[in-house]
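S.K.: One predicted model, sequence on top.
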Amino acid sequence: MASHQIENGSGSISTASSTVSSLESEKAAYEFLAQTPIKSTDAHLVEFSEAMRTVAKALRKVAEGKAAAQAEAAEWKRKYELEMTLKEQSKIKGCGSYISNDLDKLASQLTLETSASDQLGCCGKHGICSHEVLQDEVPGPIPRPNHKMVGRKASFKLSWGCNGDKNGQHKHDFVSFEKGDITTAERSNKQILLKWESPAQTVLFITKPNSNSVRVLCAEMIRWLKEHRSINIVVEPRVSKELLTEDSYYNFIQTWDNDEEIKLLHTKVDLIVTLGGDGTVLWAASLFKGPVPPVVAFSLGSLGFMTPFLSEQYRECLDNVLKGPFSITLRNRLQCHVIRDAAKDELVTEEPILVLNEVTIDRGISSYLTYLECYCDSSFVTCVQGDGLIISTTSGSTAYSLAAGGSMVHPQVPGILFTPICPHSLSFRPLILPEYVTLRVQVPYNSRGAAWASFDGKDRKQLLPGDALICSISPWPVPTACQVDSTNDFLRSIHEGLHWNLRKSQSFDGPRD
Ligand SMILES: NC(=O)c1ccc[n+]([C@@H]2O[C@H](COP(=O)([O-])OP(=O)(O)OC[C@H]3O[C@@H](n4cnc5c(N)ncnc54)[C@H](O)[C@@H]3O)[C@@H](O)[C@H]2O)c1
Ligand SMILES: Nc1ncnc2c1ncn2[C@@H]1O[C@H](COP(=O)(O)OP(=O)(O)OP(=O)(O)O)[C@@H](O)[C@H]1O
């Protein structure tokens with residue numbers, strides 16, 4: 001039933017009043033029948049009274065249905081409010097609810113220092129807008145939970161190149177309000193630069209499995225980094241085994257044994273190098289449920305939207321990145337919670353999942369249409385009836401969402417894409433919503449089948465009628481190193497990867513006006 005009518009402000013009044021009026025109409029129909037004695041010979045009256053009874057029954061059904069929808073909507077509203085309260089509480093704590101106690105402890109060992117330029121004014125002496133600098137509170141090695149992993153992490157500074165205004169003070173608010181006139185301030189150059197404040201010491205390699213060329217290149221790059229830059233190397237357990245089987249030279253590499261150590265990786269690793277395609281970047285991001293170190297992605301796949309670096313030029317590229325400063329793209333991720341109807345009395349049910357591309361809710365193997373009710377904050381968006389829905393980041397806009405007819409969006413645009421998959425409707429166009437909203441996709445109780453959610457194309461989870469998925473932008477983006485800058489890299493990948501708007505040029509030898 002359309003529970004949105006109840007959550008939708010004025011809709012709730014109309015739904016409630018129409019339930020009352022259905023009941024009154026039913027009563028009136030029965031009263032009319034009681035007051036009108038009918039003889040068996042009055043054929044037309046018999047027929048009319050039958051029709052009245054049918055109408056009364058139908059009205060009763062409508063009233064019951066609406067009452068059920070009201071109850072269902074009230075229950076969802078309660079769950080949603082619980083979820084929002086929890087989200088607020090996590091915000092106050094300063095990190096997402098998924099950050100484990102270990103990470104909380106770790107966070108308390110780190111301090112967010114205000115940069116020198118912040119003390120001078122936002123832009124600093126050189127017209128560079130500096131932001132937070134993450135540094136160890138006490139110099140020296142941080143305690144090592146495991147001897148296999150290295151300790152200290154390099155600190156760095158992010159800066160936004162900007163022109164500054166007359167006072168040397170850059171306004172972050174785009175909209176200003178002077179003498180009652182609303183104006184938008186000059187946009188700064190939003191390209192973000194990462195500058196090391198202490199040398200990067202530890203590099204994590206994430207590599208595509210089952211590829212000989214990747215294995216060979218990985219071994220070569222590790223050797224080069226160790227011998228030329230004295231870098232500590234961390235690899236996945238699979239890669240560690242492969243390298244050690246190949247040559248005992250690689251004894252210095254480090255790895256992890258369990259998930260607890262993965263949770264602490266971000267405190268040790270200065271840089272992530274990926275060797276593979278976009279899937280390898282997605283895999284690398286999925287290992288980090290909180291902050292992600294900068295990613296340098298080398299292209300060893302076929303498409304490579306998020307892998308701008310050529311593997312043949314790895315020496316030059318790694319030299320530049322380790323020296324810094326270098327441009328990065330801050331890629332937003334979506335934080336997705338599945339809320340089970342069966343666990344409605346609990347606040348947190350399942351661990352949230354972070355996606356870099358998208359979460360897809362589809363019909364899986366069911367041959368029924370997916371029926372999904374969608375809300376944006378507390379407003380009803382629409383009911384999706386079709387193969388499914390893609391909720392995508394702007395980085396994911398060139399992946400599945402594009403195939404389903406969504407727009408391609410520059411990864412630095414702050415938005416969430418809402419793209420239906422094969423909607424059974426002539427007028428269902430994809431939407432782009434602002435990045436600050438929370439989306440809720442609910443499988444209603446009267447849905448004919450279950451739906452399936454998948455996260456960056458992996459980890460399928462069944463959503464039964466009554467279950468819901470809640471998505472919002474995660475506070476932990478994935479910083480990826482750019483080859484040139486965000487815009488140049490994005491345009492190059494849509495030209496080279498998708499042959500966007502490739503068309504033969506018109507000739508000049510035709511007829512002229
Ligand atoms: N019909 C479709 O286009 C379709 C269907 C299912 C999944 N996918 C995409 O595949 C992704 C998973 O990627 P995978 O490599 O693990 O699986 P995969 O090996 O099946 O590759 C999917 C393809 O999507 C490309 N891709 C992935 N992320 C991209 C991005 N952000 N921009 C442009 N292209 C991108 C990859 O390069 C690859 O060519 C999912 O997140 C989803 O976006 C697309
Ligand atoms: N380190 C990893 N561990 C496990 N699986 C991985 C890892 N890296 C990548 N994968 C998986 O391997 C698959 C292929 O990876 P990837 O997309 O990077 O290569 P590709 O298919 O050759 O590239 P392209 O899609 O551009 O042709 C993906 O499904 C990805 O999730």
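M.R.: Ah, there it is. Numbers count the residues shown, from 1 in each chain. Ligands and ions are numbered 1, 2, ... in the order given.
S.K.: buried residues in stretch 493-502?
M.R.: The neighbour-count check on stretch 493-502 (16 or more other Cβ atoms under 10 Å) flags 493-494 as buried. (Each C-beta comes from the backbone N, C-alpha and C, glycine too.)
S.K.: Revised request: answer the last question for stretch 201-219.
M.R.: So for stretch 201-219, counting by 16+ other Cβ under 10 Å, buried means 201-208, 211, 214-215, 217-219.
S.K.: Once you drop chain neighbours, what's closest to L354?
M.R.: The shortest distance from L354 to any non-neighbouring residue, by Cβ to Cβ, 6 or more residues apart in numbering, is to R333 (4.8 Å).
S.K.: So which of the buried residues of stretch 201-219 belong to strands?
M.R.: 202-207 (DSSP state E).
S.K.: so where does W283 fall, helix or strand?
M.R.: helix 278-286 (DSSP states H and E).
S.K.: cool, and S427?
M.R.: Assigned by DSSP H and E, S427 belongs to neither a helix nor a strand.
S.K.: for V441, same thing?
M.R.: Using DSSP H and E, the element containing V441 is strand 439-442.
S.K.: I'd like the average pLDDT over stretch 250-269.
M.R.: Mean pLDDT, stretch 250-269: 96.
S.K.: Look at W283 and report its pLDDT.
M.R.: With respect to pLDDT, W283 has a value of 98.
S.K.: Quick check: it vs P479, distance?
M.R.: 17 Å (Cβ to Cβ, to the nearest Å).
S.K.: Also L417?
M.R.: According to Cβ to Cβ, L417 stands 21 Å off from P479.
S.K.: Tell me where the protein is predicted with low confidence.
M.R.: For the chain, the stretches with pLDDT under 70 are 1-41, 63-81, 83, 85-151, 161-178, 185-189, 344-349, 511.
S.K.: Quick check: residues of it near ligand 2?
M.R.: By Cβ under 6 Å from any ligand atom, the residues of the chain that approach ligand 2 are 206-209, 236, 276-280, 282-283, 301-304.
S.K.: and which of the residues you listed is nearest ligand 1?
M.R.: Nearest to ligand 1 among the residues of the chain next to ligand 2 is G279, at 2.6 Å by Cβ to the nearest ligand atom.
S.K.: Next up, the contacts around that closest one.
M.R.: G279 is in contact with 208, 301, 457, counting by Cβ atoms under 8 Å, 6 or more residues apart in numbering.
S.K.: could you dump those residues to TSV with distance to L372?
M.R.: Below are the contacts of G279 laid out as TSV (distance: Cβ to Cβ, whole Å):
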residue	distance to L372
K208	34
G301	32
G457	19
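S.K.: which strand is the longest one in this protein?
M.R.: When the chain is parsed with DSSP E, its longest strand is strand 379-392.
S.K.: Quick check: can you name the pairing partners of it and their directions?
M.R.: Paired neighbours of strand 379-392 in the sheet (DSSP bridges): strand 358-362 (antiparallel), strand 370-376 (antiparallel), strand 415-423 (antiparallel).
S.K.: So Y371 versus R448, what's the distance?
M.R.: 7 Å.
S.K.: Those two: who's more crowded?
M.R.: For Y371 versus R448, neighbours defined as other Cβ atoms under 10 Å are more numerous around Y371 (19 against 12).
S.K.: Next up, the contacts around the more buried one.
M.R.: 383-385, 443-444, 446-448.
S.K.: Show me which of those residues is closest to ligand 1.
M.R.: V384 (17.0 Å).
S.K.: what's around the closest one, how many residues?
M.R.: Counted with other Cβ under 10 Å, V384 comes out at 24.
S.K.: again, but for the one 10 residues further on
M.R.: Residues contacting T394 under the criterion other Cβ under 10 Å number 24.
S.K.: ok, for it, nearest residue in space, not its chain neighbours?
M.R.: Closest residue to T394 in three dimensions, ignoring its sequence neighbours and counting by Cβ to Cβ, 6+ apart: V409, at 4.2 Å.
S.K.: Surely the one you found and G415 touch.
M.R.: Yes - at 6.3 Å, V409 and G415 qualify as touching, with contact defined as Cβ atoms under 8 Å.
S.K.: got any residues that touch both of these two?
M.R.: Common neighbours of V409 and G415 (Cβ under 8 Å, 6+ apart) are 394, 432.
S.K.: E227 looks like it's in a helix, true?
M.R.: Yes - applying DSSP: H, G, I helix; E, B strand; the rest coil, one finds E227 inside a helix.
S.K.: Provide a list of residues in contact with it.
M.R.: With Cβ under 8 Å, 6+ apart, E227 has no contacts at all.
S.K.: Look up how far M221 lies from it.
M.R.: Using Cβ to Cβ, E227 is found at 11 Å from M221.
S.K.: Any part of the helix holding W283 near ligand 1?
M.R.: Yes - Helix 278-286 comes into contact with ligand 1 (Cβ under 6 Å from any ligand atom), by way of 278-279, 282.
S.K.: Then stretch 327-340?
M.R.: No - Stretch 327-340 stays clear of ligand 1 (Cβ under 6 Å from any ligand atom), getting no nearer than 8.9 Å.
S.K.: repeat for stretch 294-313
M.R.: Yes - Stretch 294-313 is in contact with ligand 1 by Cβ under 6 Å from any ligand atom, via 301-303, 305-306.
S.K.: Please flag which of these sit within helices.
M.R.: Members of the residues of stretch 294-313 next to ligand 1 lying in helices (criterion: DSSP state H): none.
S.K.: Buried ones from the residues you listed, can you make that a ChimeraX selection?
M.R.: Only the buried entries of these go into this ChimeraX selection, using 16+ other Cβ under 10 Å:
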select :301,303,305,306
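S.K.: that older thread, which residues sit against the strand holding V441?
M.R.: Contacts for strand 439-442 (Cβ under 8 Å, 6+ apart): 76, 80, 361, 372-376, 381, 384, 389, 391, 416, 418, 433, 467-472.
S.K.: mind listing what that strand pairs with, with the direction of each?
M.R.: Sheet pairing for strand 439-442, using DSSP bridges, gives strand 370-376 (antiparallel), strand 468-473 (antiparallel).
S.K.: if we can go back for a sec, what's the most distant pair in the ones in strands among the buried residues of stretch 201-219?
M.R.: Using Cβ to Cβ, the two most remote members of those are T202 and T207, lying 16.6 Å apart.
S.K.: can you state the direction angle for the helix holding W283 and strand 202-207?
M.R.: Between helix 278-286 and strand 202-207, the angle comes out at 140 degrees (axes from the mean of the first three to the mean of the last three Cα atoms, to 10 degrees).
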